[in-house]
Structure formats: structure tokens, C-alpha cells
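Engineer: Provided below are the primary sequence and the corresponding predicted coordinates.
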Amino acid sequence: MGSQSITDSNISTITDSILLLQYVEIRGEMSRAINVFKMRGSWHDKGIREFSISENGPDIKDSFRNFQGIISGSPTRIVNNEKNELSRIMRGVQEKTGERLDT
């Protein structure tokens with residue numbers, strides 16, 4: 001696919017699920033990352049998660065929290081206030097459900 005995006009190649013219209021698997025450098029070490037770009041008809045985690053493959057199969061780990069720019073290949077560490085991060089998540093839930101959640 002090279003530098004083409006998923007939508008430019010029209011592959012998004014003919015697939016039900018799109019996963020991105022890639023190597024990323026985090027904290028000076030190479031890690032494997034997995035991201036679910038699309039899963040038709042289903043809510044899915046939009047986090048970029050670390051994964052490993054062992055003799056027991058794949059192991060999906062925590063998301064790369066406090067990093068941005070992972071997919072672009074230039075990850076940088078960001079500092080988030082936990083209260084602000086929870087507020088951001090709650091706003092997203094409110095937008096999706098149309099409900100007002102008291103904080």
C-alpha cells in the first residue's frame with residue numbers, strides 16, 4: 001500500500017475489519033503495536049495497544065498511554081492530568097450516547 005491511505009485505496013468499503021500491526025519505538029525499545037481502525041457493526045477500542053507473540057499465542061497488553069504520534073512514526077510523550085483525561089473520556093461517552101452524565 002505504500003503511502004496510500006486506507007480510504008484512498010477504497011479498501012475500507014469492501015472490508016468489515018481493518019487492523020494495523022506495526023513496530024514502534026517507545027522509550028528506546030522496539031515494540032509491536034496493534035490498532036483496530038475499523039470493525040463494521042461493532043463498537044471497538046480505539047487505543048493503540050502493545051502486543052507480543054509467545055509460544056501461547058498473541059498477548060494484547062495495555063495501550064500506549066501518554067504517547068502521541070505513534071502511527072505517524074514519531075511518538076512523543078505527553079503529560080496528562082488524570083482528572084482532565086477522565087473528563088475527556090466522559091465527554092466522549094456523552095457525545096456517543098447523547099446522555100448527560102453528572103460529574
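Structural biologist: Looks like it came in fine.
Engineer: following the helix or strand that contains N35, which helix or strand comes up?
Structural biologist: Element membership for N35 (DSSP states H and E) is strand 29-39. Using DSSP H and E, the next helix or strand after strand 29-39 towards the C-terminus is strand 49-54.
Engineer: list the buried residues in the strand holding N35.
Structural biologist: Neighbour-count burial for strand 29-39, counted by 16 or more other CB atoms under 10 Å, picks out S31, A33, I34, N35, V36. Every C-beta, even on glycine, is put in place using the N, C-alpha and C of the backbone.
Engineer: list the contacts of the lowest-mean-pLDDT helix or strand in the chain.
Structural biologist: One helix or strand of the chain scores below all others by mean pLDDT, DSSP states H and E: strand 67-68, with a mean of 71. Strand 67-68 has contacts (CB atoms under 8 Å, 6 or more residues apart in numbering) with I26, P75, T76, R77, I78.
Engineer: what's the PyMOL line that selects buried ones from the residues you listed?
Structural biologist: Restricted to buried positions by 16+ other CB under 10 Å, the PyMOL selection for the contacts of strand 67-68 reads:
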select buried, resi 75
